[in-house]
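Enquirer: Build me a model:
(one chain, ligands or ions: 3)
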Amino acid sequence: MAAVAAAQKNREMFAIKKSYSIENGYPARRRSLVDDARFETLVVKQTKQSVLDEARQRANDSSVDPEYDNEQCNQKTEESNNKDDSGLTEEEIVLANAITEDPESEKIVQRAALVLRLREGMSSLSRVLKLIEKYQGVVVHLETRPNISENGQLDALIKIDMSRINMLQLLKNLRQSQTLEHTTLIGEDNISAKNPWFPRHASELDNCNHLMTKYEPDLDMNHPGFADKVYRERRKEIAEIAFAYKYGDPVPYIEYTEVENKTWKSVFNTVKELTVKHACVEHRRAFKLLQDEGLFVEDKIPQLGEMSKFMQKYTGFTLRPAAGLLTSRDFLASLAFRIFQSTQYIRHINSPFHTPEPDAIHEILGHMPLLADPSFAQFSQEIGLASLGASDEEIEKLSTIYWFTVEFGLCKEAGETKVYGAGLLSAYGELLHALSDKPEHRPFQPESTAVQPYQDQEYQPVYFVAESIEDMKDKFRRWVSQMSRPFEVRFNPHTQRVEVLDTVEKLESLVHQLNTEVLHLSNAINKMKAPSLC
Ligand SMILES: C[C@H](O)[C@H](O)[C@H]1CNc2nc(N)[nH]c(=O)c2N1
Ligand SMILES: N[C@@H](Cc1ccc(O)cc1)C(=O)O
Ligand SMILES: [Fe+2]
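Expert: Ligands and ions are numbered 1, 2, ... in the order given. Here you go, the predicted model:
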């Protein structure tokens, strides 16, 4: 018990706190969640590293490697130093970040309002207007008034439409001008910092790979591999491969070692036996399919590339490698694109029944069977779509729902309680615990489930039981429709793009598509009703 308490304390000490970046002098105005996560990973890792090196020494491991990650950290620090944001307003930083994160977006024409203080009255105004013309901007609104405090000065509000890249140039130019006292850009539409950035195309998931480092063997005293240098090196090697991965690359092939295959064999055989009796029908069905296709065999860890092909065939889900436990926002965002970010390293041989961080055994044995089920795949994508542009509070709720369904969900089946959560289907220790009378079983209700606190270091004390997976999905849909996001999104599988449904044109084209599909459906019905005589 003492060990558990110590581990809990260790994790609390290092858990990434929401306000961490602000406490450490990272300007709150730069509210890109991508940048925040990058910064947090860096600082938390550096701090933890030094404290834990000491602890590892105490754990009788002489293989402390202080160089770990220093290179990577330095690189990132330099990167962020190069970004000189001094003097820019929040809106301008958001604008500049939007361009850096998606260079294609620099040509997007953006509406924005400029507030200027003109030193030389009307004559400065004509210079400003000429400049706007030079940058191919269109003035859509212009208002001036004498400045109340200074004689002869004029305040102007100018609304313009201009490409993002030109807007940044224009601002630079205006700031250097002697005739202006100050220039402020007020964002409109999507350059507002109030809507966080989110990926619009599957390729932008290259930006969504921020890790929560608290359970890595290098940083978690209770990780089964904490004092095993060989294990830590191997885990790092495989994580590096994931770090280097870019959208469009083939899924990397990993030559698994004998020990790793042995670990797989022991988990696979135990889970195979237990799931016959305890897993939900969707899991059992897909498990059999995976066996029939030769992917689920006892003596070889399936390759992620093969798994990805398998799932693409059944539900369109594909896999991309992840270096460890991802932040909820990044992890959920990829689900919106029917992409599952999957770790590729294997848990420690000493702890096959349960591991504190997701590993390839968890992803493959736990998640893949249900992601190969069309209805469950749809549900996973819906949680992902709901997460795009959601507030931090909503992300917290969505990930809690995800936790108690996709990860640790139980459901009823012909009067019996069955397992569908991936965290149980890959951890036979916890699977048996979940079905025993030790933990509490509560009915799944999105409102209460979404706010149930949970920890991810030990077996759960509470599980939620759904009437059925379909019923859980229905309840989730009703609940999620009340979220605060002021827009709807839709995934276009042809372009792999998430579209924000915010213009009449987009909705019209969608209605058109749906009409065509309805026409096909009614044709199909007619054909069935009156089969042709030929
Ligand atoms: C969304 C929710 O937080 C969930 O537990 C996520 C978090 N990050 C993850 N990261 C990886 N690599 N694999 C996972 O299964 C998850 N699960
Ligand atoms: N506990 C799971 C792995 C896991 C860890 C953390 C998670 O968030 C999810 C899954 C297992 O042993 O298989
Ligand atoms: Fe998982």
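Enquirer: got the buried residues for stretch 416-426?
Expert: For stretch 416-426, the neighbour count (16 or more other CB atoms under 10 Å) marks 418-426 as buried. C-betas here are computed from N, CA, C, even on glycine.
Enquirer: and that stretch with ligand 2, contact?
Expert: Yes: using CB under 6 Å from any ligand atom, stretch 416-426 comes into contact with ligand 2 via 423, 426.
Enquirer: now swap in stretch 392-404 and tell me
Expert: No: residues of stretch 392-404 contacting ligand 2 under CB under 6 Å from any ligand atom: none, with a closest distance of 7.7 Å.
Enquirer: do stretch 213-232 as well
Expert: No: Stretch 213-232 does not reach ligand 2 (CB under 6 Å from any ligand atom); its nearest approach is 6.8 Å.
Enquirer: May I have the distance across that stretch, first residue to last?
Expert: 14 Å (CA to CA, to the nearest Å).
Enquirer: show me what contacts whichever residue of the stretch 151-300 of the chain sits closest to ligand 2?
Expert: Ranked by CB to the nearest ligand atom, the top residue of the stretch 151-300 of the chain for proximity to ligand 2 is Y215, at 6.8 Å. For Y215, the contacting residues are 223, 324-325, 356-357, 456-457, by CB atoms under 8 Å, 6 or more residues apart in numbering.
Enquirer: related to what we said a few turns ago, rebuild the buried residues of stretch 416-426 as JSON lines, extending it with pLDDT and secondary structure.
Expert: Output for the buried residues of stretch 416-426, formatted as JSON lines (pLDDT from 0 to 100; DSSP: H, G, I helix; E, B strand; the rest coil):
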{"residue": "K418", "pLDDT": "97", "secondary structure": "strand"}
{"residue": "V419", "pLDDT": "97", "secondary structure": "strand"}
{"residue": "Y420", "pLDDT": "97", "secondary structure": "coil"}
{"residue": "G421", "pLDDT": "97", "secondary structure": "coil"}
{"residue": "A422", "pLDDT": "97", "secondary structure": "helix"}
{"residue": "G423", "pLDDT": "96", "secondary structure": "helix"}
{"residue": "L424", "pLDDT": "96", "secondary structure": "helix"}
{"residue": "L425", "pLDDT": "97", "secondary structure": "helix"}
{"residue": "S426", "pLDDT": "95", "secondary structure": "coil"}
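Enquirer: Just the closest of those residues to L125, please.
Expert: A422 (62.2 Å; CB to CB).
Enquirer: give the contact list for the residue lying closest to the closest one once chain neighbours are set aside.
Expert: Using CB to CB, 6 or more residues apart in numbering and skipping residues adjacent in sequence, the residue nearest A422 is G366, 3.1 Å away. By CB under 8 Å, 6+ apart, the contact list for G366 reads 421-427.
Enquirer: Pull the residues that contact the strand or helix carrying S123.
Expert: In this structure, S123 is located in helix 121-134 according to DSSP states H and E. Outside helix 121-134, the residues that touch it by CB under 8 Å, 6+ apart are 116, 118, 139, 144, 152-154, 156, 158, 160, 162, 170, 173-174, 177, 179-180.
Enquirer: List only buried entries from these.
Expert: Applying a neighbour-count criterion of 16+ other CB under 10 Å, the buried members of the contacts of helix 121-134 are 116, 118, 153-154, 156, 158, 160, 162, 170, 174, 177, 179-180.
Enquirer: in this protein, which residue is closest to the centre?
Expert: Taking CA atoms, centre = their mean, the centroid of the chain lies closest to D330, which sits 1.5 Å from it.
Enquirer: Am I right that that one is in a strand?
Expert: No: assessed with DSSP: H, G, I helix; E, B strand; the rest coil, D330 is helix; it does not lie in a strand.
Enquirer: My guess is V480 contacts G384. True?
Expert: No: using CB atoms under 8 Å, V480 is not in contact with G384, being 11.3 Å away.
Enquirer: what about these two, which has more around it?
Expert: G384 (24 against 21; other CB atoms under 10 Å).
Enquirer: May I ask which helix or strand encompasses G389?
Expert: For G389, there is no host helix or strand (DSSP H and E).
Enquirer: and it, how many neighbours?
Expert: By the criterion of other CB under 10 Å, G389 has 21 neighbours.
Enquirer: can you check A524 too?
Expert: 10.
Enquirer: which strands and helices sit next to the helix or strand where it lies?
Expert: Counting by DSSP H and E, the element that carries A524 is helix 504-529. The contact analysis (3 or more CB pairs under 8 Å, 6 or more residues apart in numbering; DSSP states H and E) places helix 504-529 against no helix or strand.
Enquirer: Let the chain start at 57 from now.
Expert: All set: I'll call the first residue 57, so the last point we hit is now helix 560-585.
Enquirer: Show me what the mean pLDDT comes to for that helix.
Expert: Averaged over helix 560-585, pLDDT sits at 92.
Enquirer: same deal with stretch 242-249?
Expert: Rounded mean pLDDT across stretch 242-249 is 51.
Enquirer: before we move on, back to that, and the contacts of Y271 near ligand 1, which?
Expert: Okay, of the contacts of Y271 touching ligand 1 (CB under 6 Å from any ligand atom), that's L381.
Enquirer: Got phi/psi on C264?
Expert: phi -110, psi 60 (degrees, to the nearest 10).
Enquirer: Please, where are all the strands along this protein?
Expert: Taking DSSP state E as the test, the strands found in the chain are 165-174, 194-202, 210-219, 236-243, 374-377, 395-398, 466-469, 472-475, 496-499, 518-522, 545-548, 553-556.
Enquirer: possible to save those strands as JSON lines with distance to V337?
Expert: Putting the strands of the chain into JSON lines (distance: least, CB to CB, whole Å) gives the following:
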{"stretch": "strand 165-174", "distance to V337": "51"}
{"stretch": "strand 194-202", "distance to V337": "58"}
{"stretch": "strand 210-219", "distance to V337": "54"}
{"stretch": "strand 236-243", "distance to V337": "50"}
{"stretch": "strand 374-377", "distance to V337": "24"}
{"stretch": "strand 395-398", "distance to V337": "22"}
{"stretch": "strand 466-469", "distance to V337": "6"}
{"stretch": "strand 472-475", "distance to V337": "8"}
{"stretch": "strand 496-499", "distance to V337": "20"}
{"stretch": "strand 518-522", "distance to V337": "13"}
{"stretch": "strand 545-548", "distance to V337": "27"}
{"stretch": "strand 553-556", "distance to V337": "32"}
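Enquirer: Comparing those by mean pLDDT, which bottoms out?
Expert: strand 236-243 (a mean of 73).
Enquirer: Direction included, what does that one pair against?
Expert: strand 165-174 (antiparallel) (DSSP bridges).
Enquirer: returning to that earlier point: tell me the pLDDT of the residue nearest to the centre of the chain.
Expert: Value for D386, per-residue pLDDT: 92.
Enquirer: Tell me who's in contact with the nearest residue to it once chain neighbours are set aside.
Expert: Among residues not flanking D386 along the chain, C264 sits closest, at 3.9 Å (CB to CB, 6+ apart). Going by CB under 8 Å, 6+ apart, C264 touches 90, 255, 382, 385-386, 389-390, 397.
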